[in-house]
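Q: Structure, please.
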Amino acid sequence: REFAPALLGGLVFGFSPYLVCKLLGNIDLALVPMLPLAAYLGLRALDGTLRRARFVVLLALVLAAQFLLFIETFATMTMSAAIAIAIALLVTDGNDRGRIRALLAPIALSYALAIALLAPYLYYLFAFGFPRGAIWSTNTGSIDLLNFLVPVPADALGCLGAMRAISVNFRAGIYDTGSSLGLAAVVAIAIARWRWHEPAVRLLILFAAAIGVLAMGSWMQVGGHFIVPLPWMIVSGLPLIAKAMPARLVVYMFLAL
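A: Now for the predicted structure:
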């Protein structure tokens, strides 16, 4: 409803280190306009300014478009949305929780409609088999804990000698380490301390934290050294989602910020 905050949010997301890195080498992964658009449609449906029937159709078209742009993003988008909805149900109560629950059926209908639209592609995806297990090693496709603080050379700050000395120890390549939070993290922490009583703030902060943990893959890495196992070890056993690279999940973290 306000232009200035919307513009600032668009700048944080659209010029995030994730998208900068993807524009350098993975254009298909940089095509993510459907992610904020899906969130926008969900918010419009929640506040009652978008009729449910129109919401179902528009979300189905957004889902189908994302599938056709890049299937992995469609899969991680679905998983991340499920995490966000679960957290939203935990941090809300009363009417807010009821409105979120009421949105579950329309979302399911949107997926059913999208699947119908994508039926020819889905047939060829499953009919003739596909490689089992992960395509990329999660050890080299995960975010190092330090990368949330240390930018890679794709960022201007990452070109500094001190930053380069640390970032060369990251196991993931430059195109999959665009997760340095910078000033956005400072602002998010300040807002969390100031307005933690608001369910929307708790939802966004907890969701960003959950995605950050998943983006670190099966093991927490600090400066290239494996420390402790992480939840992705369980998630990576799920069908299809096992083929996703954890490092790419940070796009949802920047969307939350």
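Q: And for stretch 212-229, what's in contact with it?
A: The contact list for stretch 212-229 (C-beta atoms under 8 Å, 6 or more residues apart in numbering) reads 138-139, 141-146, 148, 166, 169-171, 179, 230-233, 235-236, 246-250, 253. For the C-beta atoms, the positions are set from N, CA and C on the backbone; glycine is no exception.
Q: In ChimeraX, how would I select just the buried ones from the residues you listed?
A: To isolate the buried subset of the contacts of stretch 212-229 in ChimeraX, counting by 16 or more other C-beta atoms under 10 Å, use the following:
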select :138,141,142,143,144,145,146,148,166,170,171,179,230,232,235,236,246,247,248,249,250,253
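Q: Narrow the contacts of stretch 212-229 to those in strands?
A: Among those, no member falls in strands (DSSP state E).
Q: Need the nearest residue in space to residue 73, chain neighbours excluded.
A: residue 66 (6.0 Å; C-beta to C-beta, 6 or more residues apart in numbering).
Q: Show me what the host helix or strand of the one you found is packed up against.
A: Per DSSP states H and E, residue 66 falls inside helix 52-69. For helix 52-69, the packing partners by 3 or more C-beta pairs under 8 Å, 6 or more residues apart in numbering; DSSP states H and E come out as helix 34-46, helix 71-91, helix 94-117.
Q: okay, the ones you listed in a markdown table with mean pLDDT, distance to residue 57 and mean neighbour count next?
A: Formatted as a markdown table, those follow (pLDDT from 0 to 100; distance: least, C-beta to C-beta, whole Å; neighbours: other C-beta atoms under 10 Å):
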| stretch | mean pLDDT | distance to residue 57 | mean neighbour count |
| --- | --- | --- | --- |
| helix 34-46 | 95 | 10 | 18 |
| helix 71-91 | 95 | 18 | 18 |
| helix 94-117 | 95 | 7 | 15 |
